[in-house]
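Enquirer: Got a predicted model here, sequence first, then my questions.
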Amino acid sequence: VLHSLRYLQVAVSEPSPGVPQFVSMEYLDGIPFDRYDSKQGRTEPQMLWMAAVVELGYWDRTPRGWDEGLWVSIRLWGSVGLEWVSVGLGHNSIGLHGSNPTPPGLHTIQWVCGCDLLSNGSIRGSHQYGCDGWDFISFQLGSGSFVADGAAQVTKRYWETDESWAEDLTNYLGHTCVEWLQKFIGYGQEVLEHK
């Protein structure tokens, strides 16, 4: 891998003192370069070179442009099987339908998305959701298909039926993510050369 860009987002069902309900981190070549959390309510640079980014509106945004408030709802059945989850910031959301009540306790939803620029010039990308540390559903750019945990089969079938899911993810991972990766490489070139 020549360069990589990763977005990591974690939401918890029950915030606790000192723990925000939502955290988003962005990584360039494994180096965290910006961070957003629901307690601070703003994106902050984690590297000096990112503090110099003056792209219009960049520091006023929330993760990936989501700015209309966080809501999280997690419903699990049994101790592991995920039947329904809904995480959203504004109009961007993932919704998986079901009907079981949410068990008590702390639950997490994790999202990891990113792209790699390989030394031969090719691109690799993935988009993954997890719950309580378990893989739930993922999409790989190379195969253009979804891989789902047993509990996510309904969601997988729904997303495969609506071809726009795969099209949007393919476009994002193969183009938009790579464009941002190249921008961030430009911003942090000096640091990356000394890595």
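Expert: Structure received.

Enquirer: partner residues bridging residue 111?
Expert: Beta-bridge partners recorded for residue 111 (DSSP bridges): residue 9, residue 129.

Enquirer: Any stretches of this protein with poor pLDDT?
Expert: 54-57, 60-105, 191, 194-195 (pLDDT under 70).

Enquirer: So which residues of it form strands?
Expert: Using DSSP state E, the strands of the chain run over 3-12, 22-28, 31-37, 43-45, 70-76, 82-89, 92-96, 108-117, 123-131, 134-140, 145-148.

Enquirer: Check this structure for its longest helix and report it.
Expert: In the chain, taking DSSP state H as the definition, the longest helix is helix 177-187.

Enquirer: hmm, who's touching that helix?
Expert: Helix 177-187 has contacts (C-beta atoms under 8 Å, 6 or more residues apart in numbering) with 3-5, 28, 33, 49-50, 52-53, 55, 113-115, 117, 123, 125, 192. C-betas here are computed from N, CA, C, even on glycine.

Enquirer: So for that helix, what gets flagged as buried?
Expert: Within helix 177-187, the residues that count as buried by 16 or more other C-beta atoms under 10 Å are 177, 178, 180, 181, 184, 185, 187.
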